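Asks: pasting the structure only:
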């Protein structure tokens with residue numbers, strides 16, 4: 001795992017080093033403020049940022065992306081981390097090059113071919129990530145646990161039962177709403193004060209806030225379809241584990257920071273979870289050996305019913321009991 005995290009963080013360290021090094025080497029050849037936003041047709045600048053602020057925002061962006069990828073490091077998507085770092089680092093470096101030796105920011109030019117160069121850098125970095133993934137041995141999946149000894153609710157022949165609960169997180173709701181408001185404010189300020197960095201703040205606010213708000217209150221359902229977890233107010237996106245994929249279900253206890261490193265949708269090797277609070281959780285082990293958990297009240301009843309439905313020999317689909 002340490003090797004995987006090191007390989008995931010490496011391209012972002014390289015991108016940050018390149019930005020700091022170029023900023024230092026070209027310091028006397030760069031205007032202040034820098035041209036940081038350009039029209040899509042002729043590459044003429046229409047937005048400017050001071051050199052110090054550009055360096056701080058660029059470094060912060062690289063660090064934030066690197067921290068996110070490293071925290072959720074996965075062998076199979078190592079190429080994505082390298083592609084992200086390659087594209088971001090190339091964009092920042094090419095932006096500095098566009099301002100190089102310009103008497104003022106208005107004289108800078110950023111042709112569309114530079115975007116193609118950034119995309120090419122991302123593609124080459126992705127190939128490097130694919131190759132480096134071979135240095136990380138795949139972790140063996142834990143063996144599937146048979147459901148024979150798991151607690152279950154006794155159901156009569158031909159009877160189908162269902163269970164459903166809505167659960168949520170007030171702190172996650174408030175935090176997500178805050179990101180959405182900040183994103184809306186950034187998008188509103190971008191036309192007035194200039195695209196950079198307000199447009200970036202707006203996009204980050206929307207990208208973080210919208211999914212967070214959707215996951216802040218969910219409905220957990222156990223029925224003849226299996227386990228379904230979906231936003232309380234929307235049918236999608238959803239997580240579904242069909243009955244024939246359930247090896248065993250049980251009620252467990254989740255410590256968000258200790259078990260998964262935080263709240264929200266979390267992933268770890270061979271397991272994932274939707275963590276909205278600490279405490280009671282429904283834990284489902286799939287026949288592949290992978291595990292999924294969702295924090296929800298009355299998890300013991302949900303686990304017993306899911307085990308009963310998953311091991312029924314008659315496949316009955318009669319009237320549903322809620």
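Replies: Received, thanks. Here the structure is a predicted model, which means the values were calculated and not measured.
Asks: Could you check how far residue 174 is from residue 209?
Replies: For residue 174, the distance to residue 209 (C-beta to C-beta, to the nearest Å) stands at 11 Å. Every C-beta, even on glycine, is put in place using the N, C-alpha and C of the backbone.
Asks: what about those two, which has more around it?
Replies: Using other C-beta atoms under 10 Å as the criterion, residue 174 and residue 209 rank with residue 209 on top: 20 against 11.
Asks: Tell me if I'm right that the more buried one and residue 173 touch.
Replies: No. Here residue 209 does not reach residue 173: they are 10.5 Å apart, not a contact under C-beta atoms under 8 Å.
Asks: Any idea how many residues pack against residue 186?
Replies: With other C-beta under 10 Å as criterion, residue 186 counts 20.
Asks: again with residue 71
Replies: For residue 71, using other C-beta under 10 Å, the count is 14.
Asks: Is it in contact with residue 264, as I believe?
Replies: No. The pair residue 71 and residue 264 does not pass the contact test of C-beta under 8 Å, sitting 11.9 Å apart.
Asks: ok, which stretches of the stretch 201-322 of the chain are strands?
Replies: With DSSP state E, counting those that start in this stretch as the criterion, the stretch 201-322 of the chain has strands at 217-223, 226-231, 239-241, 246-254, 264-268, 271-275, 279-286, 291-295, 320-321.
Asks: Nearest to residue 109, out of these?
Replies: Counting by C-beta to C-beta, residue 109 lies closest to strand 264-268 out of the strands of the stretch 201-322 of the chain; the figure is 41.9 Å.
Asks: what angle separates that closest one from strand 246-254?
Replies: 110 degrees (axes from the mean of the first three to the mean of the last three C-alpha atoms, to 10 degrees).
Asks: what domains does the record give for this protein?
Replies: 2-135, 140-167+218-322, 170-215 (automatic domain parsing).
Asks: Residue 39 contacts residue 46, doesn't it?
Replies: Yes. If you go by C-beta under 8 Å, residue 39 and residue 46 touch, sitting 5.6 Å apart.
Asks: Give the closest residue to residue 76 in space, chain neighbours not counted.
Replies: Once flanking residues are discounted, residue 76 sits nearest to residue 133: 7.4 Å by C-beta to C-beta, 6 or more residues apart in numbering.
Asks: if I look at residue 182, how far off is residue 169?
Replies: 19 Å.
Asks: between those two, who's got more neighbours?
Replies: Higher neighbour count among residue 182 and residue 169: residue 169, with 21 against 17, using other C-beta under 10 Å.
Asks: Which of the strands of the stretch 201-322 of the chain sits closest to residue 110?
Replies: Here strand 264-268 is closest among the strands of the stretch 201-322 of the chain (C-beta to C-beta), at 36.1 Å.
Asks: Tell me which strands that closest one pairs with, and in which orientation.
Replies: Strand 264-268 pairs in its sheet with strand 271-275 (antiparallel), by DSSP bridges.
Asks: For the stretch 51-200 of the chain, which residues score under the pLDDT cut-off?
Replies: 138-151, 193-196 (pLDDT under 70).
Asks: mind listing the strands for it?
Replies: Going by DSSP E, counting those that start in this stretch, the stretch 51-200 of the chain shows strands at 160-161, 163-168.
Asks: Serialize the ones you listed to CSV and add fields for mean neighbour count and distance to residue 9.
Replies: Converted to CSV, those look like this (neighbours: other C-beta atoms under 10 Å; distance: least, C-beta to C-beta, whole Å):
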stretch, mean neighbour count, distance to residue 9
strand 160-161, 17, 48
strand 163-168, 17, 34
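Asks: Out of those strands, which gets nearest to residue 34?
Replies: When the strands of the stretch 51-200 of the chain are compared by C-beta to C-beta, strand 163-168 sits nearest residue 34, at 44.0 Å.
Asks: Give me the sheet partners of the closest one and which way each runs.
Replies: Here, using DSSP bridges, strand 163-168 pairs with strand 217-223 (antiparallel).
Asks: Using neighbour counts, pick out the buried residues of the strand it pairs with.
Replies: 217-223 (16 or more other C-beta atoms under 10 Å).
Asks: ok, now which ones touch residue 260?
Replies: By C-beta atoms under 8 Å, 6 or more residues apart in numbering, the contact set of residue 260 is 254, 266, 268, 273, 275.
Asks: Spatially nearest residue to the third one, not counting backbone neighbours?
Replies: Spatial nearest neighbour of residue 268, excluding adjacent residues (C-beta to C-beta, 6+ apart): residue 260 at 6.5 Å.
Asks: burial of residue 156, as a residue count?
Replies: 9.
Asks: do residue 237 as well
Replies: There are 12 residues near residue 237, going by other C-beta under 10 Å.
Asks: looking at it, it is touching residue 229, isn't it?
Replies: No. Taking contacts as C-beta under 8 Å, residue 237 lies outside contact range of residue 229: 9.6 Å.
Asks: The nearest residue to residue 154 once chain neighbours are set aside: what's it in contact with?
Replies: Nearest non-adjacent residue to residue 154, counting by C-beta to C-beta, 6+ apart: residue 308, 7.1 Å away. Applying C-beta under 8 Å, 6+ apart, we find residue 308 in contact with 152-155, 161.
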